[in-house]
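[1] Model the structure of this input:
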Amino acid sequence: MPGEFVGKVIKSEAEDLPSLYDLEYRASEDDAWYSVYVVFDAHSQTLTIKYLCTPEVYERVLHAGEFHTESQADELARRFRPISQQLQDHDCGKLQIGATVCAAHGTGDNDLRFYDAVIDDVNRRSHLFRGGEEECLCTFVLFWKHGRGDGTLTTANIGSICTLESDYQIDPRIFDFVTLVKQKISASKYISVSESLGSASNGPSSLKKKNNVESSQIRPLETKNSMTRKSLKWESEVRSRDEDIGSEPCDFLAGAEGQHFILINNLEKDLNPSSIKKFIFEQTTILPQALVFPRLSSDPFARGAVVVDSQKRVQTIYKFLDNPNNLIVSSRGRPWVITERPFAGTFTSTWKLIPTDLDENIRTDKELEIVRSGTESYKRAKQLRDLFTEYLNHESIVCKKLALEEKKILRSFRRA
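    Coordinates of the predicted model:
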């Protein structure tokens, strides 16, 4: 998708650092995959992408402030993945019909570019052995998924095909940059909503003054810490306005698109919301807001929620969380339990969805993991999930009985 991402392109001298080119990037210019070396600079808020080309290295510098929507940030994250692995001749048995691979597609010997394709058919042939070396003579029919061969069929030998890593987490450098981008977008959104609240409580004349005087104080956010300080200041201002307005609910998120929620039960009591955010982002490339609700000290578990600003994103996360073939469990074996479908709404002034920093030291692979159907870990987690679901059903019955008995008592006193 040419033009999807803006950025400065620089041509530099070739670098003898092949080991640093540890990611693949799907370029927006030609939709092809390239080996790249990535540098995230938190101070300048930039992500530098260095293409491994011969005889030169091309750089693309992306600035966090150039992104205007979270979908752009999500799309950027999806354009990175681990290096695909070149197959050897004796590995041809690993290539099966239906598998997705990365393969070379060219119009000439000097114009090879790599795109994703699906193996449509395999023509197996006996291998040759010469001087102790094995040579694969098989032919693979590829259906191209994108790029200049999109939608067409061609043939290739094993030397043109690479396998993809099926299970991987987003690279920390990409994660940090995308997180910064989304924090800046969220902060801008909340500042806009805050100004709208000022208009509602102070009147048109005060809004004009605010635009002339205070707007000049709004600056791009230099660091995650400065973002947190400004967010807390904004929260204090909103709370103050709520008190001035009175008992009328302050639906401050209504101006920032509808919010979509997924409630999560059976969380560990000490689970950090940042861990929830980071885990979901690693699995879906969507960075939600996350909440862990207050609980009684006697409760053996916690409840929480994830929040996003579009129905498409919430459905993607819900599909991941509610996948019947997987369960999400804590390091202590406690499974997450989703009992309700996503719903839309807004929080009143009691809760503030303020952008928060993600602790870079958090290791979600130690706190949370996915267990697959058919494993012993899955069987254990499923039993625990079913037990918790039974508890929730019992709790619902008790709550309904409590409400009924309360009504009876109140009615009896009204008659008296």
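[2] Pairing partners for Asp116 in the sheet, please.
    Per DSSP bridges, the residues bridged to Asp116 are Cys102.
[3] Output the below-cut-off pLDDT ranges for the chain.
    1-19, 53-57, 107-110, 167, 189-258, 346-366, 416 (pLDDT under 70).
[4] Which parts of it are helices?
    Secondary structure of the chain (DSSP state H): helices at 70-78, 172-202, 204-213, 224-245, 273-284, 311-321, 364-367, 376-415.
[5] Now tell me what touches stretch 69-76 from outside.
    Contact with stretch 69-76 is made by 4-5, 62, 67, 174, 178, 181-182, 185, 285-287, 309-310, 313, as judged by Cβ atoms under 8 Å, 6 or more residues apart in numbering. Backbone N, C-alpha and C define where each C-beta goes, glycine included.
[6] Now flag whichever of these is closest to Thr152.
    For those, the residue nearest Thr152 by Cβ to Cβ is Glu4; the value is 23.2 Å.
[7] CA atoms only for stretch 310-318 - export them in CSV, please.
    Extracted in CSV, the C-alpha atoms of stretch 310-318 (Å, rounded to 0.1, in the frame of the first residue of the first chain):
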residue,chain,number,x,y,z
SER,A,310,-14.1,0.7,17.6
GLN,A,311,-16.3,-2.3,17.1
LYS,A,312,-13.8,-3.9,14.7
ARG,A,313,-11.1,-3.9,17.3
VAL,A,314,-13.3,-5.2,20.1
GLN,A,315,-14.4,-8.1,17.9
THR,A,316,-10.8,-9.0,17.0
ILE,A,317,-9.9,-9.0,20.7
TYR,A,318,-13.0,-10.9,21.7
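[8] Please identify the buried residues of it?
    Residues 310, 313-314, 316-318 are the ones in stretch 310-318 that count as buried (16 or more other Cβ atoms under 10 Å).
[9] What subset of the contacts of stretch 69-76 is buried?
    Burial by neighbour count, 16+ other Cβ under 10 Å: within these this picks out 5, 62, 67, 174, 178, 181-182, 185, 285-287, 309-310, 313.
[10] Format these as JSON lines; extra columns: distance to Thr154.
    Shown next, in JSON lines, are the buried ones among the contacts of stretch 69-76 (distance: Cβ to Cβ, whole Å):
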{"residue": "Phe5", "distance to Thr154": "29"}
{"residue": "Leu62", "distance to Thr154": "33"}
{"residue": "Phe67", "distance to Thr154": "36"}
{"residue": "Ile174", "distance to Thr154": "31"}
{"residue": "Val178", "distance to Thr154": "34"}
{"residue": "Val181", "distance to Thr154": "37"}
{"residue": "Lys182", "distance to Thr154": "39"}
{"residue": "Ile185", "distance to Thr154": "41"}
{"residue": "Thr285", "distance to Thr154": "30"}
{"residue": "Ile286", "distance to Thr154": "34"}
{"residue": "Leu287", "distance to Thr154": "38"}
{"residue": "Asp309", "distance to Thr154": "42"}
{"residue": "Ser310", "distance to Thr154": "38"}
{"residue": "Arg313", "distance to Thr154": "36"}
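[11] and which of these is nearest to Tyr34?
    Phe5 (14.0 Å).
[12] Test my guess that Ala104 contacts Phe114.
    Yes. Between Ala104 and Phe114 there is a contact at 5.7 Å, judged by Cβ atoms under 8 Å.
[13] And those two? Which one has more around it.
    Phe114 (22 against 15; other Cβ atoms under 10 Å).
[14] Would you quantify the distance from the more buried one to Glu135?
    From Phe114 across to Glu135, the span is 23 Å (Cβ to Cβ, to the nearest Å).
[15] mind listing what's buried in stretch 165-173?
    With burial defined by 16+ other Cβ under 10 Å, the residues of stretch 165-173 counted as buried are 170-171, 173.
[16] Tabulate those in a markdown table, adding columns for distance to Leu271.
    Formatted as a markdown table, these follow (distance: Cβ to Cβ, whole Å):
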| residue | distance to Leu271 |
| --- | --- |
| Ile170 | 20 |
| Asp171 | 24 |
| Arg173 | 25 |
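[17] of all those residues, which comes closest to Phe413?
    Closest to Phe413 out of those is Ile170 (59.6 Å), distances taken as Cβ to Cβ.
[18] before we move on, back to that, which of the buried residues of stretch 165-173 lies closest to Leu291?
    Ile170 (22.4 Å).
[19] Can you give me the distance of the nearest residue to that closest one once chain neighbours are set aside to Gln259?
    Leaving aside its chain neighbours, Ile170 sits nearest to Glu282 (5.2 Å; criterion: Cβ to Cβ, 6 or more residues apart in numbering). To Gln259, Glu282 is 22 Å away according to Cβ to Cβ.
[20] for Val178, same thing?
    Val178 sits 20 Å away from Gln259, taking Cβ to Cβ as the criterion.
[21] Repeat that for Leu112.
    Using Cβ to Cβ, we find Leu112 at a distance of 47 Å from Gln259.
[22] More neighbours: which of these two?
    Neighbours were tallied for Leu112 and for Gln259 using other Cβ under 10 Å; the higher tally belongs to Gln259 (19 against 13).
[23] Show me what the more buried one is bridged to.
    Gly345.
[24] That one contacts Val306, correct?
    No. The pair Gln259 / Val306 is not scored as a contact, 10.7 Å apart, by Cβ under 8 Å.
[25] List the buried residues for stretch 87-106?
    Residues of stretch 87-106 classed as buried by neighbour count (16+ other Cβ under 10 Å): 87, 89, 92, 95, 99, 101-103, 105.
[26] Same check on stretch 119-139?
    Buried, per 16+ other Cβ under 10 Å, within stretch 119-139: 119, 122, 136, 138.
[27] if we can go back for a sec, quick one: which of the contacts of stretch 69-76 is nearest Arg81?
    Arg81 lies nearest to Ile174 out of those, by Cβ to Cβ, at 9.8 Å.
[28] pretty sure that closest one contacts Ala77?
    Yes. Using Cβ under 8 Å, Ile174 is in contact with Ala77, at 5.7 Å.
[29] Now do the contacts for Leu287.
    Shown in contact with Leu287 (Cβ under 8 Å, 6+ apart): 70, 73, 178-179, 182, 277, 280-281.
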